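Participant: What would the 3D arrangement of this be:
(chains A, B, C and D)
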There are 2 protein chains.
Amino acid sequence: MSQRTTEEYLETIGALEERESPVSTSSIAQSMGLSLASVSEMLRRLSENGLVEHTPYGGASLTDEGQRRFLRLTRRHRLWEVFLNRYLGIGWEDVFHHACSLEHATSDPVADKLAEFLDNPDVCPHGSPIPEKNLKRPVNAGVTLSNLEIGQSARVLNVIIENNSEFLRYLTGLDLTPGARLKVLEKAPYDGTLTIEVNNVARAIGREAASVIMVKPL
Amino acid sequence: MSQRTTEEYLETIGALEERESPVSTSSIAQSMGLSLASVSEMLRRLSENGLVEHTPYGGASLTDEGQRRFLRLTRRHRLWEVFLNRYLGIGWEDVFHHACSLEHATSDPVADKLAEFLDNPDVCPHGSPIPEKNLKRPVNAGVTLSNLEIGQSARVLNVIIENNSEFLRYLTGLDLTPGARLKVLEKAPYDGTLTIEVNNVARAIGREAASVIMVKPL
DNA sequence: TTGGAAGTCAAGGGTATCCTAATTATTGTA
DNA sequence: TACAATAATTAGGATACCCTTGACTTCCAA
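Facilitator: Now for the predicted structure:
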């Protein structure tokens, strides 16, 4: 198994596990754009290598070792995002894509020194937590924007869809970037569309979108 | 052909072409640790793709397109070396290795912004020229240290063996890093071992080593 | 001009990854 | 509770890259 392929699988499984655990074979296949058969076979191999817990017909989850490797990758990915954003001036909308390849090409010493150079940031440009060097799984505090009630105020913590430039650009247009303060003005009864106030401007945002924005109620 | 494999070949051929052009199949095979047969087959494919000029039994050289791709890789490699050295504090002895993987993972916008961030450096930590954005082949001014005559003074321009940490550490121990000033005190008749003065200290250096150090006579 | 070195080609393997198609397990529901 | 629909797995191929070995061709230098 190539290092690279293994890492792609670990990342996919790790990410999916945030919402579904164990992760089904088909979720992985869909997310990676591969056939069910390929994933099934690969899960067997990852399982043999001790990175994934796989019970046939029962889905997959990361072992401790798999988890560690996943968090190490996430750490690298987000550190690069910070670098690309802060020093190279690449927008938060685009950093994900560029960091994707860099993370696999980063040796341990480089990752450590990079963290130090960046002054050990604890969130990426999308506001998501950067795993610490000890590779403990960071907790994702906050609730989704779609869960707020009318009248509640909140601050945007992070946006969990980090790889969709177009969507992130849309959010930039709404001033809904990490750190932004908002207040819920209205909540449509049928589809849950929100009217919120950001920077004293009223804006509408659909429930789908609101459900991938994590906020901290104030 | 995978992108990565192609790039490895282009880099190897490009580097060898500095001293031997066209490059023989066996040089490539030896340098990459592959069999003659594999290289022979791969050259045919690279040739089909228009990256390499390959006449059977006549060796290989890069086409204009191959050259451009080679220089783009070299540019990325050396830009990363500068970053790793200057900002992450990784010694010139070790940057090569770390930059090797990064160069293949760098998108065009990142490379451009990185160059800008670094203030468009024109040499890497080993003193070798960084190809400019227009991808013209840089000229390697200077002569080898082994070519100097007794009594001549010079400044170290660059060391052309960049991937041998141990050797570079040895040079650091001799204070023979890019920019260092030296003077040839003696030249042994049989094997060409040099005695040179660096920082007012006399040091011996073999001809092999002296032939990979480029200097500019003063 | 000829023998050895260098290079090529062909055959036969090995590994890794992916596919489609066929098969088997699980599950929701009538 | 049985059986279709769905999910997952296995089987069988395809491709890409690399290897070795051995036969052969080309080149060069003594």
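
Participant: Return the residues of chain A in contact with DNA strand C.
Facilitator: Residues of chain A found near DNA strand C (C-beta under 7 Å from any atom of the strand) are A:1-2, A:5-6, A:33-38, A:41-42, A:45, A:56-57. To be clear about C-beta, it is placed using only N, CA and C from the backbone, and glycine gets the same treatment.

Participant: Tell me the one among these nearest to chain B.
Facilitator: Of all the residues of chain A next to DNA strand C, residue A:2 has the smallest distance to chain B: 10.3 Å, by C-beta to the nearest C-beta.

Participant: residues near the closest one, how many?
Facilitator: Neighbour count of residue A:2, defined by other C-beta atoms under 10 Å in any protein chain shown: 7.

Participant: In chain A, spot the helix with the most residues.
Facilitator: Identified as the longest helix of chain A according to DSSP state H is helix A:64-86.

Participant: confidence score at the residue nearest the centre of chain A?
Facilitator: With distances taken as C-alpha atoms, centre = their mean, residue A:160 lies nearest the centre of chain A, 4.7 Å away. As predicted, residue A:160 sits at a pLDDT of 92.

Participant: for chain A, what spans make up the strands?
Facilitator: With strands called from DSSP state E, chain A shows them at A:52-54, A:60-62, A:143-144, A:153-159, A:181-187, A:194-198, A:201-205, A:213-217.

Participant: just those: most buried one?
Facilitator: Highest mean neighbour count of the strands of chain A: strand A:60-62, a mean of 24 (counted as mean count of other C-beta atoms under 10 Å in any protein chain shown).

Participant: same for it, what does it pack against?
Facilitator: helix A:3-16, helix A:36-48, strand A:52-54 (3 or more C-beta pairs under 8 Å, 6 or more residues apart in numbering or on different chains; DSSP states H and E).

Participant: closest one to residue B:18 among those?
Facilitator: Set against residue B:18 and scored by C-beta to C-beta, those come closest in helix A:3-16, at 30.2 Å.

Participant: ok and the closest one relative to helix A:64-86, angle-wise?
Facilitator: Angle, helix A:3-16 to helix A:64-86, by axes from the mean of the first three to the mean of the last three C-alpha atoms, to 10 degrees: 90 degrees.

Participant: near DNA strand D at all, helix A:3-16?
Facilitator: No. Helix A:3-16 lies out of reach of DNA strand D by C-beta under 7 Å from any atom of the strand, never closer than 11.7 Å.

Participant: Just the CA coordinates for that helix, please, in CSV.
Facilitator: C-alpha atoms of helix A:3-16 as CSV (Å, rounded to 0.1, in the frame of the first residue of the first chain):
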residue,chain,number,x,y,z
GLN,A,3,1.8,5.9,1.9
ARG,A,4,-0.3,8.4,-0.1
THR,A,5,-3.2,6.1,-0.6
THR,A,6,-3.3,5.1,3.0
GLU,A,7,-3.3,8.7,4.1
GLU,A,8,-6.2,9.6,1.8
TYR,A,9,-8.2,6.8,3.3
LEU,A,10,-7.3,7.8,6.9
GLU,A,11,-8.3,11.4,6.2
THR,A,12,-11.6,10.4,4.6
ILE,A,13,-12.5,8.0,7.4
GLY,A,14,-11.4,10.4,10.1
ALA,A,15,-13.5,13.2,8.7
LEU,A,16,-16.6,11.1,8.2
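
Participant: For that helix, give me every contacting residue.
Facilitator: The contact list for helix A:3-16, computed with C-beta atoms under 8 Å, 6 or more residues apart in numbering or on different chains, reads A:23, A:27-28, A:31-32, A:42, A:46, A:49, A:51-52, A:60-62, A:66-67, A:69-71, A:73-74, A:104.

Participant: Show me which residues of chain A sit near chain B.
Facilitator: Proximity of chain A to chain B, by C-beta under 8 Å from any C-beta of the partner chain, involves residues A:84, A:87-90, A:97-98, A:101-102, A:104-107, A:109-110, A:113-114, A:116-117.

Participant: Now, of those, which are buried?
Facilitator: Buried subset of the residues of chain A next to chain B (neighbour count, 16 or more other C-beta atoms under 10 Å in any protein chain shown): A:84, A:87-88, A:90, A:97-98, A:101-102, A:104-107, A:110, A:113-114, A:117.

Participant: Would you check which pair of these lies furthest apart?
Facilitator: The distance between the two most remote of these (C-beta to C-beta) is 23.7 Å, for A:97 and A:113.

Participant: these two touch, right, residue A:191 and residue A:206?
Facilitator: Yes. Residue A:191 lies in contact with residue A:206 (C-beta atoms under 8 Å); the separation is 7.3 Å.

Participant: So residue A:16 versus chain B, what's the distance?
Facilitator: 24 Å (C-beta to the nearest C-beta, to the nearest Å).

Participant: before we move on, what about residue A:31?
Facilitator: With distances taken as C-beta to the nearest C-beta, residue A:31 is found 21 Å from chain B.

Participant: same check, this time on residue A:53
Facilitator: Distance of residue A:53 to chain B, given as C-beta to the nearest C-beta: 30 Å.

Participant: surely that residue meets residue A:64?
Facilitator: No. At 9.8 Å, residue A:53 does not count as touching residue A:64 under the criterion of C-beta under 8 Å.

Participant: Run through the residues that contact the residue lying closest to residue A:218 once chain neighbours are set aside.
Facilitator: Of all residues beyond its chain neighbours, the one nearest residue A:218 is residue A:153 (4.6 Å), with distances taken as C-beta to C-beta, 6 or more residues apart in numbering or on different chains. Counting by C-beta under 8 Å, 6+ apart, residue A:153 makes contact with A:181-184, A:217-218.

Participant: any idea how far residue A:110 is from the residue nearest to residue A:68 when sequence neighbours are not counted?
Facilitator: Leaving aside its chain neighbours, residue A:68 sits nearest to residue A:135 (5.1 Å; criterion: C-beta to C-beta, 6+ apart). From residue A:135 over to residue A:110 the distance is 17 Å, taken as C-beta to C-beta, to the nearest Å.

Participant: next one: residue A:50
Facilitator: Plainly put, residue A:50 is 26 Å away from residue A:110 if you go by C-beta to C-beta.

Participant: Kindly provide the distance from the residue located most distally from the centre of chain A to DNA strand C.
Facilitator: Most distant residue from the mean C-alpha position of chain A: residue A:189, 29.3 Å away (C-alpha atoms, centre = their mean). Distance, residue A:189 to DNA strand C, using C-beta to the nearest atom of the strand, to the nearest Å: 27 Å.

Participant: how far away is that residue from residue A:144?
Facilitator: For residue A:189, the distance to residue A:144 - C-beta to C-beta - is 18 Å.

Participant: got a list of what residue A:112 touches?
Facilitator: Neighbour list for residue A:112: residue A:133 [criterion: C-beta under 8 Å, 6+ apart].
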